[in-house]
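Q: For reference, the sequence and a predicted model appear below.
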Amino acid sequence: MAFDLNINDEIGRLNSVVLGVANSNGPTPDLKDAYDPKSAEHIKAGTYPTEQDMAEEIETFAQVLKHHGVQVFRPELIENYNQIFARDIAFVIEDKMIIANILDDRSKEIEALDFLMAQIDPKKIIHFPEHAHIEGGDVMPWGDYIFVGTFKDKDYRKFITARTNMAAVEHLQELFPHKKVVSFSLKKSNFDPRENALHLDCCFQPVGKGKAIIHKEGFLIEQEYQWLVDFIGPENLFYVDKEEMYHMNCNVFSISPEVIVSEQGFTRLNNWLRTQGFTVEEIPYSEIAKQEGLLRCSTMPLSRERAIL
């Protein structure tokens, strides 16, 4: 029987999800092999996270999801391979699974989901053209809209931190002509994690009750940032500062319009969320955060109930 995919937004009641794994994550990478400036920072400092610490954090996340009745799928284990960030390798919009064009060094990760894709109607699995680079952390379905983080400059290829190009944005619009794809140019740095928005979900995250979390300095173009502020409403936004962005405050994860999983150290954000009426499930995730990814990055939602936006 085919597995039904259904994702129309970021907050609808979650039915099923792929959550990454941290077991057999491999040794600390060489500095030259770091995919992002925050990982590089911790490799240099000798503070790169251990496999045991990351595995404990991600298993705590799995237990929270299961406690809320979510069906949790895990990738099959590839030995000595980083498989934490499931969001990057594929993503679902409506009833289609889109296979991301990601960094060559990570291309094996999708093979660990063969068991799941075998249960999905092949006509619902979409492969992007090779020149259209995209990762799931840059893509946010939101009702009639799809928000996409990108990097439009001609020196795109100079940045290992630039993961989604305009060819992918245009292809996404062709795939979903009934939706409005809105792209946002993100600030990129290969060397300074405080000046780098690796994906859109590093500087923006819509949550329930018409609210959202945002970091202004992650956006390159003022007008694009302002469009988002006007769309959500400035009174509905939690504004993240540079240090909070560095610690990944935007990268929380909604189980439903009322329930959000957040890192236990995000004191200011978690207090604000509670004042807005959310239930906040706080868990430790600061070791995984050292790789410039957090809760949303670790997940690939497969099915949600449609939320009222």
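A: Perfect, I can see it now.
Q: could you pull out the strands for the stretch 201-309 of the chain?
A: Assigned by DSSP state E, counting those that start in this stretch, the stretch 201-309 of the chain shows strands spanning 204-206, 212-214, 237-239, 253-254, 259-263, 279-283, 299-304.
Q: Deepest in the core, which of the ones you listed is it.
A: Compared across the strands of the stretch 201-309 of the chain, strand 253-254 shows the largest average neighbour count, a mean of 27 (mean count of other C-beta atoms under 10 Å). For the C-beta atoms, the positions are set from N, CA and C on the backbone; glycine is no exception.
Q: After the helix or strand that contains residue 18, which helix or strand is next?
A: In this assignment (DSSP states H and E), residue 18 forms part of strand 14-19. Using DSSP H and E, the helix or strand that follows strand 14-19 towards the C-terminus is helix 37-45.
Q: What mean pLDDT does that following helix get?
A: Helix 37-45 carries an average pLDDT of 80.
Q: Next: stretch 84-104.
A: Stretch 84-104 comes out at a mean pLDDT of 89.
Q: now it, how far from the chain's geometric center?
A: 10 Å (C-alpha atoms, centre = their mean, to the nearest Å).
Q: Check which residues of the helix or strand of the chain with the lowest mean pLDDT are buried.
A: The helix or strand with the lowest mean pLDDT-type score in the chain, counting by mean pLDDT, DSSP states H and E, is helix 37-45 (a mean of 80). Within helix 37-45, the residues scored as buried using 16 or more other C-beta atoms under 10 Å are 37, 38, 39, 40, 41, 42, 43.
Q: Give the other helices and strands that the biggest helix by length in the chain contacts.
A: Assignment by DSSP state H gives helix 51-67 as the longest helix of the chain. Applying 3 or more C-beta pairs under 8 Å, 6 or more residues apart in numbering; DSSP states H and E, we find helix 51-67 packed against strand 14-19, strand 71-73, strand 259-263, strand 279-283.
Q: how about a markdown table for the ones you listed, with mean pLDDT added?
A: Listed next are the helices and strands packed on helix 51-67 as a markdown table, based on pLDDT from 0 to 100:
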| stretch | mean pLDDT |
| --- | --- |
| strand 14-19 | 98 |
| strand 71-73 | 97 |
| strand 259-263 | 98 |
| strand 279-283 | 98 |
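Q: Out of the ones you listed, the one nearest residue 243 is which?
A: Closest to residue 243 of the helices and strands packed on helix 51-67, according to C-beta to C-beta: strand 259-263, at 13.7 Å.
Q: Partner strands of the closest one, with direction?
A: Counting by DSSP bridges, the strands paired with strand 259-263 are strand 253-254 (antiparallel), strand 279-283 (parallel).
Q: does residue 286 really touch residue 247, like I thought?
A: Yes - with contacts counted by C-beta atoms under 8 Å, residue 286 reaches residue 247, the gap being 7.5 Å.
Q: and these two? which has more neighbours close in?
A: Taking neighbours as other C-beta atoms under 10 Å, residue 286 and residue 247 compare with residue 247 leading, 20 against 16.
Q: Identify the spatial nearest neighbour of the more buried one, chain neighbours not counted.
A: residue 289 (6.2 Å; C-beta to C-beta, 6 or more residues apart in numbering).
Q: and the one you found, what is it in contact with?
A: Going by C-beta atoms under 8 Å, 6 or more residues apart in numbering, residue 289 touches 247, 248, 263.
Q: backbone phi and psi for the first one, please?
A: Okay, so that is residue 247. Phi and psi for residue 247, reported as degrees, to the nearest 10, are phi -90, psi 0.
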